[in-house]
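> 3D, please:
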Amino acid sequence: MISLRSMFVAAIILTPIPVLADVLGVSVGGGSWQASPEGDIGRTDINLESTLNLDEENNQFVFVSIEHPIPLLPNIRLQHSEMEWNGDALVAAGTDLNGTPFVSSEQVAVSLDLTHTDATLYYEILDNVVDLDLGITARSFGGEASLIGATQQEAIDLDAVGPLLYGRVGVDMPLTGLSAHMLANWINVDEFRLIDWAAEIMYEFDLLPALDAGLILGYRSMLVELDDLDDLQADATFQGYYFALQLRF
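Down below sits the predicted model:
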């Protein structure tokens, strides 16, 4: 998915701006999300903060969206979000991440990686002062959770692809360059619940005749509940403020 994103960005850079403006609406950007973990993971409800000592981390993300005038065909948005935490902790005997409890207390290296890539297909339902987009997202996780000690270790791969419902609503504030948006991805099935939402304010201004720049300040929260999905249990939330820069052709 990283190479796919790179191809999109390269295509945008190599295509003359007037051609893009006449045919497509293209936005590219990226930023940093100060995400703090809360909650538990594993079969014995291992607390991410008090037990594993995981704290706020700056995680990077990039995105590109392409909108077109062709009826019935959906628009597309791609986003890649890093979500990585690393640390050290003392785990007690009996601590169980995915089925092999530690037989004694042990100092471990902690790693939690929920990095993921979203491919979203959506339709513009409203496109005036109030904007409304609805669609579906395919989210691909590529990470792991691990507790690595000197005599024992537990690790589990977090590789999965799942569908999510997608929605985005926004309102423009005429003559100010300001707009406010809320967006969310959501799924709730038997053993997997994910609610990923964000609220943001953007200030947009003309950078070049055919290029607008936007400064974005937002807050994102991602709730993950897993009930023994692929040997992993979790009830955790990752949330915090983010800042991003967007370029729109």
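> all strands for the protein, in order.
Using DSSP state E, the strands found in the chain span residues 25-41, 46-47, 57-67, 75-81, 84-91, 106-113, 116-127, 130-149, 153-173, 178-189, 192-208, 211-229, 232-248.
> so can I have TSV of those strands showing mean pLDDT, mean neighbour count and distance to Asn98?
Every C-beta, even on glycine, is put in place using the N, C-alpha and C of the backbone. Compiled in TSV, the strands of the chain are given as follows (pLDDT from 0 to 100; neighbours: other C-beta atoms under 10 Å; distance: least, C-beta to C-beta, whole Å):
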stretch	mean pLDDT	mean neighbour count	distance to Asn98
strand 25-41	96	18	10
strand 46-47	96	20	11
strand 57-67	96	18	23
strand 75-81	97	19	24
strand 84-91	96	17	13
strand 106-113	96	18	13
strand 116-127	95	17	20
strand 130-149	95	18	8
strand 153-173	93	16	5
strand 178-189	96	16	20
strand 192-208	95	15	16
strand 211-229	93	17	9
strand 232-248	95	18	6
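> quick one: which of those is nearest Thr100?
Within the strands of the chain, the stretch nearest Thr100 is strand 153-173; the backing value is 5.6 Å (C-beta to C-beta).
> The closest one packs against which elements?
The helices and strands touching strand 153-173, judged by 3 or more C-beta pairs under 8 Å, 6 or more residues apart in numbering; DSSP states H and E, are strand 116-127, strand 130-149, strand 178-189, strand 192-208.
> could you dump the ones you listed to TSV with distance to Gly240?
As requested, the helices and strands packed on strand 153-173 are arranged in TSV below (distance: least, C-beta to C-beta, whole Å):
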stretch	distance to Gly240
strand 116-127	16
strand 130-149	18
strand 178-189	16
strand 192-208	11
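> quick one, which of these is nearest to Tyr241?
Ranking the helices and strands packed on strand 153-173 by proximity to Tyr241 (C-beta to C-beta) places strand 192-208 first, at 9.8 Å.
> Next, the angle from that closest one to strand 130-149.
Taking axes from the mean of the first three to the mean of the last three C-alpha atoms, to 10 degrees, one finds that strand 192-208 is oriented at 120 degrees with respect to strand 130-149.
> Give the pairing partners of strand 192-208; include direction for each.
strand 178-189 (antiparallel), strand 211-229 (antiparallel) (DSSP bridges).
> Sweet, I'm off.
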